[in-house]
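Student: Pasting the sequence and the predicted model now:
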Amino acid sequence: MNIPAGLESDIPDQSGTGGKPGLIVAVDGPSGAGKSSASRGAAIALGLKYLDTGSMYRALTWWLLERGVSVSDAAVVGGLAAEPVIEVGTDPRAPWVRVNGTDVSAAIRTREVTSAVSTVARVPRVRAHLIAQQRDIIAGASGIVAEGRDIGTVVAPDAQVKVFLTADSTARADRRAAETSWSATSTQVDQDRRDQLDAAQSAKADDAVEIDSTRLDLDQVIDIIVRLARDRVGVPRPCQQIP
């Protein structure tokens, strides 16, 4: 991952006791907007921890599918939400995901999991359980970039920096297809379905800065997020947008 020139060297390390504690950068946005790559890059540049909240929902979904559980049965899914031990690594250079001690970092990225995760993530007991874990992880870090669907509105509404990263539908589908080697057409269909299912958890916080990454490369997006964090944009103007 390339960090924009000049960003990595002049920002103090905030991941240990020597940095300013408590900085939370919340990155929200739809699937395929580039949240994970941009958030990891910003975390590296800022010397912060990194949390991919979506990977936790994927991990639970993987575990349910492995056991043949029907993810459409909300009562059963909710009842099992707390059974597996889900752990995530917060090093942005090498994040990992484990379920009951087994590394599932690759397994949770399959199309089967991708197709089912939105259904699982909508279950109230699942959300309550995983959001509590996510808040604990954020509270335990001296500084963190957390990304997902509802970080700035639900998980960490007091985050000092909030970003809503988006892009037009075609660009998002093309990026996801390139990452997964799936066809752009089928990726677009899956993406549109997920956008509908995830709509309730995809609201933009009133005080978030919107970044449209359609015509931006990864380094440019990272640069914007890092500069917002460095300037301590705690309460940006509502509806502020960066093209």
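Tutor: That came through, no problem.
Student: List the residue ranges of this structure that fall below the pLDDT cut-off.
Tutor: 1-21, 173-202, 232-243 (pLDDT under 70).
Student: buried set for the longest helix seen in the chain?
Tutor: Determined from DSSP state H, the single longest helix within the chain is helix 124-140. When burial is assessed from 16 or more other CB atoms under 10 Å, helix 124-140 yields the following buried residues: 126-127, 129-131, 134, 137-138. Every C-beta, even on glycine, is put in place using the N, C-alpha and C of the backbone.
Student: packing partners for the helix or strand hosting Arg40?
Tutor: In this structure, Arg40 sits in helix 35-46 according to DSSP states H and E. Packing partners of helix 35-46 (3 or more CB pairs under 8 Å, 6 or more residues apart in numbering; DSSP states H and E): strand 23-28, strand 49-52, strand 143-148, helix 218-230.
Student: which one of the ones you listed lies closest to Gln160?
Tutor: The closest of those to Gln160 is strand 23-28. By CB to CB, the value is 6.0 Å.
Student: what separates that closest one from the chain centre, distance-wise?
Tutor: When C-alpha coordinates are averaged (CA atoms, centre = their mean, to the nearest Å), strand 23-28 and its chain have centres 10 Å apart.
Student: Give me the sheet partners of it and which way each runs.
Tutor: Here strand 23-28 has these sheet partners by DSSP bridges: strand 143-148 (parallel), strand 161-166 (parallel).
Student: TSV for these, including mean neighbour count and distance to Thr214?
Tutor: TSV is the format used below for these (neighbours: other CB atoms under 10 Å; distance: least, CB to CB, whole Å):
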stretch	mean neighbour count	distance to Thr214
strand 143-148	28	18
strand 161-166	27	8
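Student: Touching, Val113 and Thr61? I think so.
Tutor: Yes - using CB atoms under 8 Å as the test, Val113 is close enough to Thr61 to be in contact (5.2 Å).
Student: returning to that earlier point: can you list the helices and strands packed on helix 35-46 in JSON lines and add distance to Gly101?
Tutor: Formatted as JSON lines, these follow (distance: least, CB to CB, whole Å):
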{"stretch": "strand 23-28", "distance to Gly101": "29"}
{"stretch": "strand 49-52", "distance to Gly101": "19"}
{"stretch": "strand 143-148", "distance to Gly101": "24"}
{"stretch": "helix 218-230", "distance to Gly101": "33"}
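Student: and of these, who's closest to Ser105?
Tutor: Ser105 lies closest, by CB to CB, to one member of the helices and strands packed on helix 35-46: strand 49-52, at 10.2 Å.
Student: who does the closest one touch, helix- and strand-wise?
Tutor: helix 35-46, helix 124-140, strand 143-148.
Student: Tabulate these in TSV, adding columns for distance to Asp217.
Tutor: Below are the helices and strands packed on strand 49-52 laid out as TSV (distance: least, CB to CB, whole Å):
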stretch	distance to Asp217
helix 35-46	10
helix 124-140	28
strand 143-148	18
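Student: contacting residues around the longest helix of the chain?
Tutor: The contact list for helix 124-140, computed with CB atoms under 8 Å, 6 or more residues apart in numbering, reads 24, 51, 53, 56-57, 60, 77-79, 81-82, 86, 88, 90, 120-121, 144, 146, 148, 154-156, 201.
Student: Narrow those to those in strands?
Tutor: Secondary structure defined by DSSP state E assigns 24, 51, 86, 88, 144, 146, 148 of the contacts of helix 124-140 to strands.
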